[in-house]
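Colleague: Build the 3D model from these lines:
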Amino acid sequence: MLQVVDASAKDELFLYELYTTTRVNDFMMLGLDKQQLDALLHMQFEAQQRSYGCKFPQAKQEIIYYGEVKIGRMMTASQRESIHLIDISLLPHFRGKGYGTKLIQKLLRSAVIRNLPVTLHVATGNPAQRLYERCGFYVTGEAPPYIAMKWDNFIKY
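Modeller: This is a model prediction of the structure:
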């Protein structure tokens with residue numbers, strides 16, 4: 001059973017550990033030792049948190065649970081003209097099992113109720129783009145290294 005709960009300060013270590021699972025492979029080729037790699041990942045995590053905080057000060061950050069186990073996070077920002085999916089991340093063991101699809105579909109149902117489209121940005125080459133496309137998102141533009149996508153298929157839901 002999937003559920004989402006608002007994140008709190010006690011979730012910071014989990015959020016960092018989750019972040020490292022999404023980025024460690026990007027930095028492995030640098031040949032850093034474990035301490036250097038951890039320092040770099042921590043710096044990048046803090047930079048991401050600050051960036052999201054500046055761009056989306058009213059963002060909602062939620063922890064994704066499968067039963068009693070924390071398996072990921074989802075961040076969204078409700079804006080006047082849309083809902084923006086800032087980030088959805090799952091621990092490696094829980095990827096590719098349909099959980100991301102279920103969470104996105106729940107978000108899309110919420111968007112229909114509010115009569116708002118959903119927007120997002122995904123890094124070029126990120127496999128998540130296929131997930132978004134399967135959920136009905138389409139490309140609206142590119143600003144390398146990101147692709148802008150939008151969902152507004154209210155008829156489907």
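
Colleague: Following the chain past the helix or strand residue 50 falls within, name the next helix or strand.
Modeller: Using DSSP states H and E, residue 50 sits in helix 34-55. On the C-terminal side of helix 34-55, the closest following helix or strand by DSSP H and E is strand 60-66.

Colleague: what pairs with that following strand, and is each one parallel or antiparallel?
Modeller: If you go by DSSP bridges, strand 60-66 pairs up with strand 2-6 (antiparallel), strand 69-78 (antiparallel).

Colleague: Restrict the first one to CA atoms and write it as CSV.
Modeller: Okay, so that is strand 2-6. The C-alpha atoms that make up strand 2-6 are tabulated as CSV, following Å, rounded to 0.1, in the frame of the first residue of the first chain:
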residue,chain,number,x,y,z
LEU,A,2,1.5,3.3,-1.1
GLN,A,3,0.9,6.5,0.8
VAL,A,4,2.5,9.9,1.0
VAL,A,5,3.1,11.9,4.1
ASP,A,6,4.4,15.5,4.4
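
Colleague: Just the buried positions in that strand, please.
Modeller: residue 4 (16 or more other C-beta atoms under 10 Å). The C-beta positions use only the backbone N, C-alpha and C, and glycine is treated the same way.
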